[in-house]
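In: this is a predicted model, with the sequence first.
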Amino acid sequence: MAIAALFAIGQAPVTSEAAGEDKLEVFSWWTSGGEAAALNGLFNIYKKQDPGVEIVNATVAGGGGSAARPVLQTRLAGGNPPDSWQTHPGWELLGQYVEPGYCEPITELYKSDGWDKAFPKELVANLMTKDRKIYAVLAGIHRGNVLWYNTKLLEKNGIKVGNRMTFDEFFATCDKLKAAGIPALGVGDSGIWASAELFENTLLGVIGPKGWSDLFTGAMQWDDPKVKEAMKLFAKMQNYVNPDHSAQSWDQAIKALMEGKVAFSSMGDWADGEFLKANMKEKADFGWVSHPGTDGSFIVVADGFTLAKGAPHKDAALAWLKMVGSKEAQEAFNTLKGSIPARTDVDRSKFDAYHQWSMDSFAKDKLVASCVHGEAAPAAFQQALNDAVTAFVTDKNVDNFANALVQAAKESQSTK
Ligand code: GAL
């Protein structure tokens, strides 16, 4: 017995994988109904491919990842990384994870799996590459600037929404609903990012895609009259928001829309994942239009996965990433998540009307990177924006809002 045990120890493999600990730990904040269903869609494909590997689904609840990212940072700083984690491209990926050395490049997969032809080249080159090495694979691409509505509620109130909407049309609709005692705009900003997103969408609606790139390159200032105009519109919107917004999460706000308690919600198309999960019918039950003023632009909120440097289960992690980048996974995941496949060579016939609309928009519209979702600016600025929005929804002081962002932009410029 003792000899056998010793012998076993002598033969003991060094890696945890070979020790019978075939695991894969994937970290994300996908816990809402639609998010979890889509993530499971990926896990199911992985399980089919590698049935012997146990998946550890490490999630930290909280839309937009506001609660998850600090937990992840602590793990990374403590040398305890998950094998792979959800990330937005741009500043979040490159600034928070690649720069401090937490990620292993996966450039090879782009060659071996033909990804260099299948994924949008500019996105990969501009937002996911450092020193010619690529650090993530995209699972899907969300459109941030979508205004969702409850079709039946609008019909009941004699409101018709066309193919695009101006701010004037939007506010006229809000007044009509207000007169009928209905909060027009559903917001769930217990995670303040949801209000920041409403502002981001409104900002784009005023300054347009050219203004957007000027703002984030520093050619336009955050106290520019146009930015202030957007702030005023955002302040005006507060008059039509559900009174319990700060106690609600983003998906609770979408649920309220489904139940006809509010009419609209300005939210990225992860909201579509909630509609799908609840079996709501496109057009008949819910509809969508670009957030006012943003027709012709597409706010990119892309989701990718990384490979951890020192991943505890590297082979399993590589198999996971290969799977995420496959056509099969992109189709299975995005039909449930509301995003469109990042690959441009998928079978479009597998997707519903909303996805078709978003795919068309992605192909022809101006693409801009989201600030609220960590792509367009460093994490410190993203945080400053959230803080400034928190203050603004209460005090509605445009000058304070603008000055806080001017200051934050200056600070983040100096740390670049
Ligand atoms: C975004 C993410 C989406 C969705 C959303 C709400 O940051 O890119 O996939 O999960 O948050 O949680």
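Out: Nice, I can see it. Numbers count the residues shown, from 1 in each chain.

In: quick one: terminal-to-terminal distance for stretch 213-221?
Out: 11 Å (C-alpha to C-alpha, to the nearest Å).

In: where is the longest strand in this protein?
Out: Secondary structure of the chain read by DSSP state E shows that its longest strand is strand 297-305.

In: report the inter-axis angle for the helix or strand just after it versus strand 297-305.
Out: Going down the chain from strand 297-305, the next helix or strand is helix 314-324, by DSSP states H and E. Using axes from the mean of the first three to the mean of the last three C-alpha atoms, to 10 degrees, the inter-axis angle of helix 314-324 relative to strand 297-305 is 150 degrees.

In: show me what helix 314-324 is packed up against.
Out: The contact analysis (3 or more C-beta pairs under 8 Å, 6 or more residues apart in numbering; DSSP states H and E) places helix 314-324 against strand 23-28, helix 33-49, strand 84-87, helix 107-112, strand 137-143, strand 297-305. The C-beta positions use only the backbone N, C-alpha and C, and glycine is treated the same way.

In: wait, does the helix or strand that comes right after the fifth one contact the ligand?
Out: Read that as strand 137-143. The helix or strand immediately downstream of strand 137-143 is strand 146-150, counting by DSSP H and E. No: Strand 146-150 is not in contact with the ligand by C-beta under 6 Å from any ligand atom; minimum separation 12.4 Å.

In: Pro82 falls within a helix, correct?
Out: No: assigned with DSSP: H, G, I helix; E, B strand; the rest coil, Pro82 falls outside any helix and is coil.

In: identify the residues contacting it.
Out: Applying C-beta atoms under 8 Å, 6 or more residues apart in numbering to Pro82 gives the contacts 25-27, 56, 58, 72, 75, 308.

In: let's see that with 6 Å instead.
Out: 25, 27, 58 (C-beta atoms under 6 Å, 6 or more residues apart in numbering).

In: ok, now how distant is it from Tyr97?
Out: Distance of Pro82 to Tyr97, given as C-beta to C-beta, to the nearest Å: 12 Å.

In: overlap in contacts of those two?
Out: Here Pro82 and Tyr97 have no joint contacts, going by C-beta under 6 Å, 6+ apart.

In: what number of residues lie near whichever residue of the chain sits closest to the ligand?
Out: Of all residues in the chain, the one sitting closest to the ligand is Gly63 (3.5 Å; C-beta to the nearest ligand atom). When neighbours are defined as other C-beta atoms under 10 Å, Gly63 has 27 of them.

In: up against the ligand, what does the stretch 101-250 of the chain have?
Out: Applying C-beta under 6 Å from any ligand atom, we find that the stretch 101-250 of the chain lies next to the ligand at His142.

In: let's see 8 Å
Out: 140, 142, 193, 250 (C-beta under 8 Å from any ligand atom).

In: ok, the last one touching Gly188?
Out: Which is Trp250. Yes: between Trp250 and Gly188 there is a contact at 4.5 Å, judged by C-beta atoms under 6 Å.

In: give the residues shared as contacts by those two.
Out: Here Trp250 and Gly188 have Ala194 as joint contacts, going by C-beta under 6 Å, 6+ apart.

In: and the pLDDT at Pro13?
Out: pLDDT for Pro13: 39.

In: need the contact list for the nearest residue to the residue of the chain closest to the ligand once chain neighbours are set aside.
Out: Among residues not flanking Gly63 along the chain, Trp250 sits closest, at 4.4 Å (C-beta to C-beta, 6 or more residues apart in numbering). Taking C-beta under 6 Å, 6+ apart, we find Trp250 in contact with 63, 188, 194.

In: contacting residues for the first one?
Out: Yep, that's Gly63 we're talking about. Neighbours of Gly63 in contact, by C-beta under 6 Å, 6+ apart: 191, 249-250.

In: repeat for Gln382
Out: Contacts for Gln382 were tallied using C-beta under 6 Å, 6+ apart; they are Gly374.

In: wasn't it part of a helix?
Out: Yes: Gln382: assigned to a helix according to three-state DSSP.

In: what is the neighbour count of the closest residue to Ala58 other than its chain neighbours?
Out: Excluding its sequence neighbours, the residue lying closest to Ala58 (C-beta to C-beta, 6+ apart) is Phe27, at 4.4 Å. Each residue near Phe27 was counted by other C-beta under 10 Å, and the total is 24.

In: specify the beta-bridge partners of Phe27.
Out: Ala58, Trp85 (DSSP bridges).

In: the strands in the stretch 251-400 of the chain, which residues?
Out: 264-266, 286-290, 297-305, 366-369 (DSSP state E, counting those that start in this stretch).

In: how far away is Lys152 from Gly260?
Out: With distances taken as C-beta to C-beta, Lys152 is found 7 Å from Gly260.

In: ugh, wrong one, I meant Met128
Out: On the measure of C-beta to C-beta, Met128 and Gly260 end up 41 Å apart.

In: do the same with Val289
Out: For Val289, the distance to Gly260 - C-beta to C-beta - is 18 Å.

In: what about the two, which has more around it?
Out: Per other C-beta under 10 Å, whichever of Val289 and Gly260 has more neighbours is Val289, with 20 against 14.

In: pretty sure that one contacts Leu147?
Out: Yes: Val289 is within contact range of Leu147, at 5.3 Å (criterion: C-beta under 6 Å).

In: close to the ligand: what parts of the stretch 301-416 of the chain are there?
Out: 301-303, 337, 339, 373-374.

In: what's the closest of the contacts of Pro82 to Met220?
Out: Nearest to Met220 among these: Phe27, at 35.8 Å, using C-beta to C-beta.

In: which ones are touching that closest one?
Out: Shown in contact with Phe27 (C-beta under 6 Å, 6+ apart): 58, 82, 85.

In: what number of residues lie near the last one?
Out: As a burial measure, Trp85 scores 27 neighbours (other C-beta under 10 Å).

In: contact partners for it?
Out: Contacts of Trp85 (C-beta under 6 Å, 6+ apart): 27, 72, 306.

In: make a markdown table from these and add pLDDT and distance to Ala369 to it.
Out: Shown next, in a markdown table, are the contacts of Trp85 (pLDDT from 0 to 100; distance: C-beta to C-beta, whole Å):
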| residue | pLDDT | distance to Ala369 |
| --- | --- | --- |
| Phe27 | 98 | 23 |
| Leu72 | 98 | 21 |
| Thr306 | 99 | 18 |
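
In: thanks a lot, see you next time.
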